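Colleague: any chance you could fold what I've pasted below:
(2 chains)
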2 protein chains.
Amino acid sequence: MITNALEGLRIIDLTRVLAGPYCTMILSDMGAEVIKAEVPGSGDDTRAFPPFIEGESVYFKNMNRNKKGITLNLKSEKGKAIFIDLIKQADVVTENYRPGTMEKLGLGYEILKEINPRLVYGCISGFGHYGRYSKRAGYDIVGQAMSGIMSVTGWPDGPPTRTGGPISDAMAGISLACGILAALRYRDLTGLGQKVDISLVDTLVSSMQIINQIYFATGRLPERIGNRYESTYPYDTFPTKDGETIVIGCANDKVWKILCKLMDKADLIEHPKMLTNRLRVENHAMIRPIVAEWTLTKNAQDIVDLLLNNDCPAAFIYSIKQASEDAHIAGDRGMFPEIEYPRIGKLRVTGSHFKFSETEVGPKGPSPDLGQHNNEVFKELLGYDDGQIDLLKQEGVI
Amino acid sequence: MITNALEGLRIIDLTRVLAGPYCTMILSDMGAEVIKAEVPGSGDDTRAFPPFIEGESVYFKNMNRNKKGITLNLKSEKGKAIFIDLIKQADVVTENYRPGTMEKLGLGYEILKEINPRLVYGCISGFGHYGRYSKRAGYDIVGQAMSGIMSVTGWPDGPPTRTGGPISDAMAGISLACGILAALRYRDLTGLGQKVDISLVDTLVSSMQIINQIYFATGRLPERIGNRYESTYPYDTFPTKDGETIVIGCANDKVWKILCKLMDKADLIEHPKMLTNRLRVENHAMIRPIVAEWTLTKNAQDIVDLLLNNDCPAAFIYSIKQASEDAHIAGDRGMFPEIEYPRIGKLRVTGSHFKFSETEVGPKGPSPDLGQHNNEVFKELLGYDDGQIDLLKQEGVI
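Modeller: Model (predicted):
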């Protein structure tokens, strides 16, 4: 009985911090076996990142749930040999070192593919594995800065603004998961693996399709326009009587007409400057005060209820607390499951957003302690005995 | 010779506007055959969305490159029958209607899987296909609002702020592509398809892993903190002498030390309030003016060059124009290829951010005119003759 979409898929995971571990978290939530190899002694940097519970990093624990943990010193010859033995039995290897690091270790893709031609090699870096900036360190903030997304986030009179979540890392992580699965289809067709090279900057550039197209097609440079959108109006945030801010999303004529009637301004439906979405975008500065004047007469809950009851898209702007307590998001969609961890007990985490009709998805168990699965992996996969494992530990190889 | 990772994969695509078409664009860039079915007469809403060249929507043209276009009226009995005949020969069907729409048409997943048990059914909606809000319309702005991401984007003294790109739509589109490929692996194992249900809200909730974890682990509610990050400092934007804003990303002690020396403030390396990343995050308000005082003495180009030459992550905040002209992004990584379109000629678009070592990826041809591939698809796949096709046109079925 197959209960997980990625059952039988084995990934040797060298990734650290966020983008890479998020990728392998997604794949392990879908049932892949992820063997995370960490530096002996210290492990993934995020084991020392806040927030902590009882001195243990919850950043690490959430991001590395489900995974098996081994330690491996890739700078030692014995460590390299063990890594190569693992690669022989793996479907996928993942890493998010700075490009060139694996080559310096003598473990670059060109070498690994000779050892296992079926291997899919997935990597994430700031700028990708080729190109003139490839050797530069790249972080989430660099992806946000150089993709152009910061230049269009924020307010016309304010500075370029980052997105409040690590959106380069998250989107690159999902993209690598997607790219690896595509490469596995190519392997099914040909018997051959390949390298999948995802860059933080490329990824956010891709997310900007429509914004880029405005510049390419018209020469007009998109800039910061606050909470309205380039292509539709009124599709924006508005203030309410009780000092909240809510969202109204009139993406087409039908919904605009509903809004006009609810505002008791049915005359606007025939207004020559508001007849079509295109005209409403052009005349947003005229429309905004009309809608805001109305929203300021009501409390947030009343407006959102009224709009939703009349099939006009509207929403509260949730805090993290509100999102995590919402009956649909947390309840029905199960986006915040609990995992039982050794020592610290139950921990609430963020679940999988992939919902499959036939297969399970989501957290299956805690993250590993450093080297927790050394014995299991080295014995079962590589056939080592206790004496050999003890020696490797003494030598600092694992 | 297999040149595309997804060669041989056939997708019947009912998606419209952005999130769904972005998903099938990604899959078609990887070589899947995407047959986009549109409403006869009008087609995808975005055929009427700006920007335009010669009266034709570039929004549509970019997002639907590579795809074959057919017209199909799913409200007519003949249209439904044709759709079912197509489903029999498809690997995947995709849709982003409001949940319940396919069921109302008599074409819900439960019916389609009886017709083709191997079918993977991929859908994107605002809130997902189950749960109490599932019937609500959901748009990008609603995903941004209800995931909590807007509550942490922007400035401490400013309003909740949306991300300048359609980030819910983009991340959900990639997620559906990833989910479909995972479901195909399950099909390879079992012979059975399944439904993949992606919601805009769930997707952005997932992107907030670390931010959510701060609240779950400590009870502290993450709020808007401008351009700095919760977990590392100085990793922020800073002003320059020539009025620009640049990014400096000191994600670890090593880079912090480099920055201190470049600022000619080596004494800070031993400062008891700045010794570790954790301390630097706590004392960010003390560190920021020190770094800003230094950055204000130099022009942006000089600082960025100096930092990069000393292996300290730094970046310009690019406009869309600057990103699109960058020698690495546009040149080496090929992120802005041109496609030759009928009537309007060459159009620059945003390319694929998936880079494979062995298979081609990216735009392969223009988007279809409305119904352009009716003859090809209905003849070759379904065996209709010219007379039957003409009749279907007259009857408004296609």
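Colleague: mind checking the SS state of residue A:365?
Modeller: Put simply, residue A:365 is coil when judged by DSSP: H, G, I helix; E, B strand; the rest coil.
Colleague: for it, grab the count of nearby residues.
Modeller: Neighbour count for residue A:365, taken as other CB atoms under 10 Å in any protein chain shown: 13. Heads up, the C-betas are built off the backbone N, CA and C, glycines and all.
Colleague: need the contact list for the residue nearest in space to the middle of chain A.
Modeller: The centre of chain A sits closest to residue A:170, judged by CA atoms, centre = their mean, with a distance of 2.2 Å. Counting by CB atoms under 8 Å, 6 or more residues apart in numbering or on different chains, residue A:170 makes contact with A:19, A:22, B:171, B:206, B:207, B:209.
Colleague: could I get the residues you listed as JSON lines with pLDDT?
Modeller: Listed next are those as JSON lines, based on pLDDT from 0 to 100:
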{"residue": "A:19", "pLDDT": "98"}
{"residue": "A:22", "pLDDT": "98"}
{"residue": "B:171", "pLDDT": "98"}
{"residue": "B:206", "pLDDT": "98"}
{"residue": "B:207", "pLDDT": "98"}
{"residue": "B:209", "pLDDT": "95"}
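Colleague: residue boundaries of the helices in the stretch 151-300 of chain A?
Modeller: Here the stretch 151-300 of chain A has its helices, by DSSP state H, counting those that start in this stretch, at A:167-190, A:200-207, A:209-218, A:253-262, A:277-282, A:284-295, A:300-309.
Colleague: and residue B:213, which of those is closest to it?
Modeller: helix A:167-190 (13.3 Å; CB to CB).
Colleague: so that closest one versus helix A:200-207, what angle?
Modeller: If you take axes from the mean of the first three to the mean of the last three CA atoms, to 10 degrees, helix A:167-190 sits at 90 degrees to helix A:200-207.
Colleague: then helix A:167-190 to PDB, C-alphas only?
Modeller: Extracted in PDB, the C-alpha atoms of helix A:167-190 (Å, rounded to 0.1, in the frame of the first residue of the first chain):
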ATOM      1  CA  ILE A 167      10.300  35.000  -0.100                       C
ATOM      2  CA  SER A 168      13.400  34.400  -2.300                       C
ATOM      3  CA  ASP A 169      14.400  31.400  -0.100                       C
ATOM      4  CA  ALA A 170      10.800  30.000   0.000                       C
ATOM      5  CA  MET A 171      10.100  30.300  -3.700                       C
ATOM      6  CA  ALA A 172      13.600  28.900  -4.600                       C
ATOM      7  CA  GLY A 173      13.000  26.000  -2.300                       C
ATOM      8  CA  ILE A 174       9.700  25.100  -3.900                       C
ATOM      9  CA  SER A 175      11.300  25.600  -7.300                       C
ATOM     10  CA  LEU A 176      14.100  23.200  -6.600                       C
ATOM     11  CA  ALA A 177      11.600  20.600  -5.400                       C
ATOM     12  CA  CYS A 178       9.700  21.100  -8.700                       C
ATOM     13  CA  GLY A 179      12.900  21.000 -10.800                       C
ATOM     14  CA  ILE A 180      14.100  17.800  -9.100                       C
ATOM     15  CA  LEU A 181      10.800  16.000  -9.800                       C
ATOM     16  CA  ALA A 182      10.900  17.200 -13.400                       C
ATOM     17  CA  ALA A 183      14.500  15.800 -13.700                       C
ATOM     18  CA  LEU A 184      13.300  12.500 -12.300                       C
ATOM     19  CA  ARG A 185      10.800  12.300 -15.200                       C
ATOM     20  CA  TYR A 186      13.700  12.800 -17.600                       C
ATOM     21  CA  ARG A 187      15.500  10.000 -15.800                       C
ATOM     22  CA  ASP A 188      12.400   7.800 -16.200                       C
ATOM     23  CA  LEU A 189      12.600   8.500 -19.900                       C
ATOM     24  CA  THR A 190      16.300   8.100 -20.400                       C
END
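Colleague: that helix: which residues count as buried?
Modeller: Across helix A:167-190, burial judged by 16 or more other CB atoms under 10 Å in any protein chain shown covers A:167-187, A:190.
Colleague: how about the contacts made by the residue in chain A sticking out farthest from the centre?
Modeller: Residue farthest from the centre of chain A, counting by CA atoms, centre = their mean, is residue A:267 at 44.8 Å. Residues near residue A:267 by CB under 8 Å, 6+ apart: residue A:260.
Colleague: ok, now residue A:397?
Modeller: Residue A:397 sits in contact with A:40, A:72, A:73, A:76, A:78, A:79, A:82, where contact means CB under 8 Å, 6+ apart.
Colleague: show me just the buried residues among those residues.
Modeller: Buried among the contacts of residue A:397 (16+ other CB under 10 Å): A:40, A:72, A:73, A:76, A:79, A:82.
Colleague: turn the residues you listed into JSON lines, including distance to residue A:124.
Modeller: As requested, the buried ones among the contacts of residue A:397 are exported to JSON lines (distance: CB to CB, whole Å):
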{"residue": "A:40", "distance to residue A:124": "24"}
{"residue": "A:72", "distance to residue A:124": "20"}
{"residue": "A:73", "distance to residue A:124": "22"}
{"residue": "A:76", "distance to residue A:124": "25"}
{"residue": "A:79", "distance to residue A:124": "22"}
{"residue": "A:82", "distance to residue A:124": "24"}
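Colleague: in the stretch 201-350 of chain A, which residue sits nearest chain B?
Modeller: residue A:332 (3.2 Å; CB to the nearest CB).
Colleague: ah, wrong one, I meant the stretch 1-150 of chain A
Modeller: residue A:131 (3.2 Å).
Colleague: shaky segments in the stretch 1-150 of chain A?
Modeller: Scanning the stretch 1-150 of chain A for pLDDT under 70 picks out no residues.
Colleague: A helix includes the residue of the stretch 1-150 of chain A closest to chain B, no?
Modeller: No: assigned with three-state DSSP, residue A:131 falls outside any helix and is coil.
Colleague: fine by me, thanks again.
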